[in-house]
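> I would like to see how this sequence folds:
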Amino acid sequence: MLSIQKVSPAHVCVRVSRVVLVCFLPLAGFAQQLPTQTQPQLLTQAQLPTQVPPCALTTPGRCAVQVAKDQRNIFTSPFRIHKRDLLWITPLAAATGTAVAFDRMALQGVSTDPSRMNAFSRVSNITGIYAPVAFAGTALLGGIARHDEHLRETGTLAVTAMIDTQLLNTFVKFAADRARPGDTVLSSNGGTFWPHGAHSSSFDSFPSGHTANAFAVAHVIADEYPGWKVKLAVYSLAAATGFERVQARQHFPSDVLVGGALGYLVGGYVFNHHSSRSKTHISFAPMIGHGGGGLSVQISPGQR
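Residues are numbered from 1 along each chain as shown. Below is the predicted model:
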């Protein structure tokens, strides 16, 4: 006998909202990477806003405020999308859709040997978590001890990028509610979004947190030390993390694709907004006079 399941309007609204959040937020981040096309209004020295001191170990409150502002800007990025952003959004959307469509087929070729999966899982923990955290901590403390401001800044931005990335990644995981592949043959729920119609803490496959973390730190390092050898090393390590997560049967290919994109975008956002070496510094200041008001924007080149 055919049974019909009744779905409440509220339930439908929740599902639609989750789809929008999962598909829109990773793509919207590209709007943060492109330079503004608006002609800046230059400020006089007297009009320049006071520069806010950077985040440091001795100012945890300032760091918390900075992260909160980052999250606000990241989550409101969809409201700042322009037509030119489609040049980046469209290819990523197509790649993500294709990966999702072939996820289950791709996992059919991944070994289910427990020792092999455990080995890849251990290595992915090293490349995706331990190595980025160790680098960030070493750079931060080493920069302070050696009075090397460049190294200290790199460590600080790496830590900030990891925090920003994991906060965003956790939110998207909650919204997506996707079942992981599993250690053996794929179940009927494997790779399904919201398989039981309600959120479950065990469904956290999409996107890959390890991959996002690796790419966020890789982007910071690559921008702070822009030599091709450094870029090749850090991005190869980040890409290896995505491969390892799939081989460990912890994630599907689309999970690592979107995770890598999220991490890369957030890492770029952190560098562009907080690094003294960013190519572009943007300052805002209110202007009031002659019966009107507005917002002045100063865009100045970085130190590169």
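
> Quick check: closest non-adjacent residue to Asp204.
If the residues on either side of it in the chain are set aside, Asp204 comes closest to Lys173, at 4.5 Å by C-beta to C-beta, 6 or more residues apart in numbering. Heads up, the C-betas are built off the backbone N, CA and C, glycines and all.

> How many residues are close by that neighbour?
22 (other C-beta atoms under 10 Å).

> again, but for the one 3 residues further on
Residues near Ala176, counting by other C-beta under 10 Å, number 21.

> these two touch, right, it and Phe193?
Yes: judged on C-beta atoms under 8 Å, Ala176 makes contact with Phe193 at a distance of 5.8 Å.

> just to revisit the earlier point, and the residue nearest to Asp204, what does it touch?
204-207, 209 (C-beta atoms under 8 Å, 6 or more residues apart in numbering).

> do Ser275 as well
Ser275 makes contact with 153, 157, 223-224, 302 under the criterion C-beta under 8 Å, 6+ apart.

> filter these to the buried ones?
Those of those that meet the buried threshold are 153, 157, 223-224, by 16 or more other C-beta atoms under 10 Å.

> What segments of the stretch 1-150 of the chain are helices?
9-28, 60-75, 86-108, 114-125, 131-146, 149-176 (DSSP state H, counting those that start in this stretch).

> Could you list the low-confidence segments of the stretch 151-300 of the chain?
Applying pLDDT under 70 to the stretch 151-300 of the chain flags the ranges 183-190, 196-202, 279-300.

> from the buried ones among the contacts of Ser275, which is closest to Gln71?
Comparing those against Gln71 with C-beta to C-beta places Leu157 closest, at 15.8 Å.

> From Ala176, how far out is the closest residue to that closest one other than its chain neighbours?
In this structure, Leu157 finds its nearest non-sequential neighbour in Val220, 4.8 Å apart by C-beta to C-beta, 6+ apart. Using C-beta to C-beta, to the nearest Å, Val220 is found at 25 Å from Ala176.

> for Ala161, same thing?
Ala161 is 22 Å from Ala176, by C-beta to C-beta.

> and what of Ile126?
Distance of Ile126 to Ala176, given as C-beta to C-beta: 26 Å.

> next one: Ala240
Look at Ala240 and Ala176: by C-beta to C-beta, they are 24 Å apart.

> now do Asp204
As judged by C-beta to C-beta, Asp204 and Ala176 stand 8 Å apart.

> sorry, back to before: adding distance to Pro253, write the contacts of Ser275 out as JSON lines.
Below are the contacts of Ser275 laid out as JSON lines (distance: C-beta to C-beta, whole Å):
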{"residue": "Glu153", "distance to Pro253": "34"}
{"residue": "Leu157", "distance to Pro253": "29"}
{"residue": "Asp223", "distance to Pro253": "27"}
{"residue": "Glu224", "distance to Pro253": "30"}
{"residue": "Gly302", "distance to Pro253": "36"}
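
> Relative to Thr76, which of those is nearest.
Leu157 (21.3 Å).

> who are the neighbours in contact with the closest residue to Val270 other than its chain neighbours?
In this structure, Val270 finds its nearest non-sequential neighbour in Ala161, 4.4 Å apart by C-beta to C-beta, 6+ apart. Shown in contact with Ala161 (C-beta under 8 Å, 6+ apart): 216-217, 219-220, 263, 266-267, 270-271.

> how about 10 Å then?
Ala161 makes contact with 70, 132, 136, 212-213, 215-221, 263, 266-271, 274, according to C-beta atoms under 10 Å, 6 or more residues apart in numbering.

> quick one: which of those sit in helices?
Under the assignment DSSP state H, the contacts of Ala161 contribute 70, 132, 136, 212-213, 215-221, 263, 266-271, 274 to helices.

> can you pull out the strands in the stretch 201-304 of the chain?
Under the criterion DSSP state E, counting those that start in this stretch, the stretch 201-304 of the chain contains strands at 280-289, 292-301.

> quick one on the thing from earlier: pick the most deeply packed of the helices of the stretch 1-150 of the chain.
Burial of those is given as mean neighbour count (mean count of other C-beta atoms under 10 Å); helix 149-176 ranks first at a mean of 22.

> quick check: angle from it to helix 131-146?
150 degrees (axes from the mean of the first three to the mean of the last three C-alpha atoms, to 10 degrees).

> Show me the shaky parts of the stretch 1-150 of the chain.
Applying pLDDT under 70 to the stretch 1-150 of the chain picks out residues 1-54.

> could you redo the last one with a cut-off of 80?
1-60, 78, 80-81, 85 (pLDDT under 80).

> Need the contact partners of stretch 133-143.
Under C-beta under 10 Å, 6+ apart, the answer for stretch 133-143 is 56-57, 126, 148-162, 213, 217-218, 220-221, 224, 234.

> Since that was my last question, I'll sign off now.
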